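**Student:** would you be able to build a 3D model of this:
(one chain, ligands or ions: 2)
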Amino acid sequence: MGEQENNKTGGGNNAMAVVDEAPAAAAAKEKGRAAADPRLQGISDAIRVVPHFPKPGIMFNDITQLLLRPAVFKDAVDMFVERYRGMGIAAVAGIEARGFIFGPAIALAIGAKFIPLRKPKKLPGDVFSESYVLEYGTDCLEMHVGAIEPGERAVVVDDLVATGGTLSAAIRLLECAGADVVECACLIGLPKFKDFYKLNGKPVYILVESRK
Ligand SMILES: O=P(O)(O)OC[C@H]1O[C@H](OP(=O)(O)OP(=O)(O)O)[C@H](O)[C@@H]1O
Ligand SMILES: Nc1ncnc2[nH]cnc12
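**Tutor:** Ligands and ions are numbered 1, 2, ... in the order given. As a prediction, the model looks like this:
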């Protein structure tokens, strides 16, 4: 058995089962905050929804148009930075591929290290591995052993949460290494996952809901 097999954390597909509704008061407070910040409308407007991509029936939320608008891109990064600055976050873990677009900027701004959580067989060193099920397929995430120390506080960053399977795998990877996962952060939440909810017992902070 190779090093990668030795470090497997067990995999699993419990995303849907572990999503709990946050207390109503917390959800209402978060909704009020979102409604009050004018940057959120610009972020929402810059997300293109492409029907039937990559498969029939999928309403694909495309962030590439937002990236072409530096002011809006900056608003999104700034909102995450404002939330996590001063919270003793040692690591921002970004999920390949789209978490790599936002994660490093957030990490640099809050003085944290950036940890890439990569798709299989991309990392050269010993890895922890976690498999998961997506809205349109299955996949696996890997993290280098030694990327995070036990007890270090981490935030997981991605562009979008749909079923929550990817974030759940990321949380499991970090916790396998002993990290304290404080929160997950996504630009977009699909409507079936409301404004503010918990995943694997962790809060998920979402800037905007998908418009369709
Ligand atoms: O909440 P979930 O149902 O797990 O889905 C969310 C994930 O799906 C997308 O990535 P995708 O797997 O399509 O990979 P990509 O970024 O490489 O296109 C998205 O960027 C998230 O990582
Ligand atoms: N509807 C969607 N749009 C963009 N990325 C996704 N990942 C999973 N579901 C998605």
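
**Student:** from now on I want contacts and neighbour counts done on CA atoms only, so please keep to that.
**Tutor:** Will do.

**Student:** any chance you could map the strands in this structure?
**Tutor:** Counting by DSSP state E, the segments of the chain that form strands are 19-21, 48-51, 59-62, 91-95, 113-117, 127-134, 137-144, 153-161, 180-189, 196-199, 202-209.

**Student:** check what pLDDT residue 80 gets.
**Tutor:** Here, the pLDDT recorded for residue 80 equals 98.

**Student:** residue 141 versus that one, what's the distance?
**Tutor:** If you measure residue 80 against residue 141 using Cα to Cα, to the nearest Å, the figure is 23 Å.

**Student:** what do you get for residue 65?
**Tutor:** Separation of residue 65 from residue 141 (Cα to Cα) stands at 26 Å.

**Student:** show me which of these two is the more surrounded one.
**Tutor:** Neighbour count, other Cα atoms under 10 Å: between residue 65 and residue 141, residue 141 has more, with 25 against 13.

**Student:** for the nearest residue to that one once chain neighbours are set aside, which residues are in contact?
**Tutor:** Leaving aside its chain neighbours, residue 141 sits nearest to residue 119 (4.9 Å; criterion: Cα to Cα, 6 or more residues apart in numbering). Listed by Cα atoms under 8 Å, 6 or more residues apart in numbering, the contact set of residue 119 reads 96, 139, 140, 141, 142.

**Student:** mind doing that once more with 7 Å?
**Tutor:** Neighbour list for residue 119: 96, 140, 141, 142 [criterion: Cα atoms under 7 Å, 6 or more residues apart in numbering].

**Student:** dump those residues to a markdown table, plus pLDDT and distance to residue 179.
**Tutor:** Output for the contacts of residue 119, formatted as a markdown table (pLDDT from 0 to 100; distance: Cα to Cα, whole Å):
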| residue | pLDDT | distance to residue 179 |
| --- | --- | --- |
| 96 | 98 | 19 |
| 140 | 96 | 19 |
| 141 | 98 | 16 |
| 142 | 98 | 15 |
